[in-house]
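Novice: Here's a sequence, model it:
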Amino acid sequence: MYSGLKIKPPFFEIGPKAYLYGAAALKLAQHADRMSRKYDVRIIFTPQCVDIPLIAQNTQDLLVFAQHMDAIPVGRGIGTVLPEAIKEAGAQGVLLNHAEKKLGMAEIERTIARADEVGLISMVCADTPQDALEIARMKPNIVLAESPNLIGVGVRDEAAQLEIAATNALVWGVDPDILVLHGAGIKNGKDIYDIVRHGAQGSGSTSGIILADDPFQMLEEMISAMRMAWDETH
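Specialist: Residues are numbered from 1 along each chain as shown. Here you go, the predicted structure:
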């Protein structure tokens, strides 16, 4: 576990995936940066790797994470994402094992170790509570718990909400310092409010923000809801 920069809950992750790049990604990132200061919520932004320097150099409080990296050393590896390169580009962390970029468990462990080595915060996706437990034993900084069935199209039912506390308990039984973000199926501020009320330290959204009629307004709705729910429960 990288022991440098600490993230204080509540925190939020925006994953532009391949929807946004360049100037459009920067505009959303700068709006997120303003919302982070307005509501005192740490926001992680995961742009395309080529946009990391642009966004890191033009925001103040945003936490810029790479969407992926490979556990390779400096040297050969055409087409791979080198940890040292994204660190020097301005990234403060890395997202690993998203449902759209899966890794095997052994590779996840190697990549977390490389993130620790170069000083990057590791945020690792887990599809199930059992995966969250196995990944927690590898000591990432953040476990991102989300069911692939909910990503982009799902609706969080009561069973999904009740799973939050159970997953937290599994992860914190390994290490109480690991942060747990619960996502997928997030469409609006009410979803964020409900997920935090059920015990999430963090949450996030991609399509709920980027495909909204007004992405800037939707982002603020979600961040303000997170702040409200956190303050009510802590």
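Novice: Quick one: list the elements packing against the helix or strand of the chain with the lowest mean pLDDT.
Specialist: One helix or strand of the chain scores below all others by mean pLDDT, DSSP states H and E: helix 158-174, with a mean of 87. Applying 3 or more CB pairs under 8 Å, 6 or more residues apart in numbering; DSSP states H and E, one finds that helix 158-174 contacts helix 129-136, strand 142-145, strand 179-182, helix 189-197. C-beta here means a position set from N, CA and C on the backbone, and glycine is covered the same way.
Novice: so where's this structure uncertain?
Specialist: Along the chain, the parts satisfying pLDDT under 70 run over 148-160.
Novice: And the helices in it?
Specialist: According to DSSP state H, the chain carries its helices in the segments 22-39, 52-57, 83-89, 105-118, 129-136, 158-174, 189-197, 207-210, 215-233.
Novice: Distance check, the nearest residue in space to Ala89 that is not next to it in sequence against Pro176.
Specialist: Excluding the flanking residues, the one nearest Ala89 by CB to CB, 6 or more residues apart in numbering is Ile52, at 4.3 Å. Distance of Ile52 to Pro176, computed by CB to CB, to the nearest Å: 31 Å.
Novice: now Ser203
Specialist: To Pro176, Ser203 is 20 Å away according to CB to CB.
Novice: again with Ile112
Specialist: For Ile112 relative to Pro176 (CB to CB), the value is 18 Å.
Novice: These two - which one has more neighbours?
Specialist: Neighbour totals were compared for Ile112 and Pro176, and Ile112 leads with 24 against 8 (other CB atoms under 10 Å).
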